[in-house]
Structure formats: C-alpha cells, structure tokens
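J.: Pasting a predicted model and its sequence here:
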Amino acid sequence: MPAVTCWAAPAAPLAHGGAAAQAWTNLGLVTTLALVGAGYARGVHELWSRRGVGAVVGRWRVGCFALGVGAVLAASTGPVHELAARSFAGHMAQHMLLLVVAGPALAAAAVGLPLALAAPRRLRRYWARWRASTAGARLRRPGPVALLAGSLHGAVLWVWHLPAPYRLATENALLHLVEHASFVVAAALLWSVVLGAGRHRLDGPAAVLLLVGTMLVSSALGAALTLAPGPVYPVAILAPEGGDPLTAQQLAGLLMWIPMDVIVLAVAAVVFLRWFSGLDRRSPRAPAPFPDGSVGGSGDPDTAAIGRPELTEGPPVGPAAGKGTR
C-alpha cells in the first residue's frame, strides 16, 4: 500500500456520522439482533419440542449463538465502540472482535435450520424448493461453499481496509454498520464449513487448507499496515487524539496480524489432529507378533488361539478326549 498524504483531516473522522446518527444505528442494530434472536429461539424450541432437549441443535451451539450476539453488541456499542472512535488500533480491535469471535460463534451456532423453521410458511416453501433444485444442491456442498466463503472473506477484509472505503465508513454511521455486518456475515460463512453441522463441514485436509489460505490473506493485510514506510490513512484517522500516526498504524497492523494467525493456526491444528485420529480409529490394526515371531490370527489354529480367552479358558481337552469313554 502506498502512503496516502492527500486528504485533509475531517472535523470528526471517527464520529461515524455524529451522535444522533449513531443512536439510530444502535437502535436498528439492537432491533435486528432481537428479531434474529427471537427467530433462533423459536426454531430451537420447535426442534427440541419434537426431538428432545439438546437434539439437532445442541446446548453448546445455543451458547455459541449467545456469545456471537454478545460479541456483536460489545463491538458496536459501549466501551469498545468508544475506544474505536478514539484510536485506530481500537478500531482494528473492534474489527477483529467481529471477525474472530462473533462470526465463528454464529457459525458454530448453526443458525440456518432454526431460522428456517421460524420463517413464514411461504418463505419456507420457497427455501425448500431451492434446496431441492439442482443448483441449490450443488451450491450447498461444502466445496463450493468453501470457495465462495474464502473469496468473500478475503475481499471483504481487503476492500473495507482500503483507504477510501475505510474513510467513508468512519464518516457515515449507516455505512459503518454495513461494514460491520459484512465482516460478521463473511466470517460466519467461512467458519460454517469448519464449525457447522457435520454434513456441511469440510474434511480435515480441505478445512486446514481453507483456514491457512484465510490466514495468509489476513496476514498480508496486517503485514502491509505494519511494514508500510509511511501512513496509509489520514493522520486524523490514525491519531485522532494526537500521537505518532505511523506507530498507531503499526500497532493496528499487529492487532490484525497476530491474533487472527494464532486463532486460525490453533483451530487448524485441532481440525487436523481430529481428522488424523479418526483415520487411526477407522484403519484396521495389524495383529501384534508373539515372542516366537509368529503372528496372532494366522492360519495356524494353535497360534490363533493364543491370547483368546474364549478358546483357552476352561479344562484342558486332550487330543483323544472322549475316545476312552465307555
């Protein structure tokens, strides 16, 4: 990224449109989250009333939904939002909260089925027809979803952190809300093929490849901000309350670079180890050799009987047992 020095500092670069606009934006955000939460709760209640508590959508997934909604609220309102308005690094921490906490948590919550059950009947009918169509069946496969999710995640991350879109989002509350919503949607779609329902998840190597590719894209952006020779954004955005703008930009780049890499690598390691242990459980085990070099389970019936209690326990039977009975 080349250094940007052409913009004059706006009066309130991180005010997101002013207090009144932010209040209306917060009201819309809380209303939307309340509606989504009510729909999710209704869908889960319907599933649990039919199948039993914890069926289909487990309790831990409901907890993940609460975590995701809480992360969205924490990132968009309150102290985190105030810190983001005062500091460029705080703004980047706000974005990371949406990308690595809210999005993955909502993906783990498996919101699709509960929200579909809570939708109006006509909408559910249209949704069922699309799922049954050839195009819908192909697009719901983990492979195409992963390609779409990875591309969307990288595009959303880079586009919103280009100087011009970033500056516009800092000046307009509605556009700032759209930015945050795109972060959450892109992250939830990406992590749904890793943490979602079993039939929609990628296999171990493919999931690891997707996560590593995502990490490389975000690392490139974090490295660009950290290693840039000069400020990429206007000084009023980097240091609205004073201070060194280049240092603020480097700190923000590190906040994007390190936490996402650590989290993605940890999850990728867990996914790979689970896949590898599953292969080990499914693979047939070779019989262990005995001290004399023979292998249990071979064609020799006497050798095969060794180590099998059902064949060796009980009274010994001689080779001519029963012949001397009168």
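T.: Nice, I can see it. Numbers count the residues shown, from 1 in each chain.
J.: Neighbours of residue 109, how many?
T.: For residue 109, the number of neighbouring residues by other CB atoms under 10 Å comes to 26. No exception for glycine: its C-beta is placed from N, CA and C like everyone else's.
J.: and the closest residue to it other than its chain neighbours, what does it touch?
T.: Closest residue to residue 109 apart from its sequence neighbours, by CB to CB, 6 or more residues apart in numbering: residue 65 at 3.6 Å. Residue 65 sits next to 37, 40, 105, 106, 109, 111 when contact means CB atoms under 8 Å, 6 or more residues apart in numbering.
J.: hmm, 7 Å instead?
T.: 40, 106, 109, 111 (CB atoms under 7 Å, 6 or more residues apart in numbering).
J.: With distance to residue 138 as new columns, can those residues be given to me in TSV?
T.: What follows is the contacts of residue 65, written out as TSV (distance: CB to CB, whole Å):
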residue	distance to residue 138
40	27
106	24
109	25
111	22
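J.: would the residue nearest to residue 109 count as being in a strand?
T.: No. Read with DSSP: H, G, I helix; E, B strand; the rest coil, residue 65 is helix and lies in no strand.
J.: Against residue 106, how distant is it?
T.: Between residue 65 and residue 106 the computed distance is 7 Å (CB to CB, to the nearest Å).
J.: And the helix or strand harbouring residue 43, what does it pack against?
T.: Residue 43 belongs to helix 19-51 when elements are defined using DSSP states H and E. With contacts taken as 3 or more CB pairs under 7 Å, 6 or more residues apart in numbering; DSSP states H and E, helix 19-51 sits against helix 59-76, helix 112-118, helix 173-195.
J.: Select, out of those helices, the one closest to residue 20.
T.: Checking the helices and strands packed on helix 19-51 against residue 20 by CB to CB gives helix 173-195 as the closest, at 8.9 Å.
J.: Okay, buried residues for the next helix or strand after the closest one please.
T.: Downstream of helix 173-195, the next assigned helix or strand under DSSP H and E is helix 204-227. Under the neighbour-count criterion of 16 or more other CB atoms under 10 Å, helix 204-227 has 204, 206-208, 210-211, 213-215, 217-219, 221-222, 224-226 buried.
J.: now swap in stretch 130-140 and tell me
T.: Neighbour-count burial for stretch 130-140, counted by 16+ other CB under 10 Å, picks out no residue.
J.: State the distance spanning the first to the last residue of it.
T.: End-to-end distance of stretch 130-140 (CA to CA, to the nearest Å): 10 Å.
J.: what residues does it touch?
T.: Contacts to stretch 130-140, defined as CB under 7 Å, 6+ apart, come from residues residue 144.
J.: per-residue confidence averaged over that stretch?
T.: Mean per-residue pLDDT for stretch 130-140: 76.
J.: now that stretch: how far from the chain's centre is it?
T.: 23 Å (CA atoms, centre = their mean, to the nearest Å).
J.: Equivalent analysis for stretch 157-175, please.
T.: In terms of CA atoms, centre = their mean, the centre of stretch 157-175 is found 23 Å from the chain centre.
J.: Then stretch 217-232?
T.: With CA atoms, centre = their mean, you get 23 Å for stretch 217-232.
J.: and what of stretch 262-276?
T.: Stretch 262-276 sits 12 Å away from the centroid of its parent chain (CA atoms, centre = their mean).
J.: Let me have the contacts of residue 65 in TSV, extended by pLDDT and distance to residue 74.
T.: TSV is the format used below for those (pLDDT from 0 to 100; distance: CB to CB, whole Å):
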residue	pLDDT	distance to residue 74
40	95	19
106	95	14
109	94	17
111	91	19
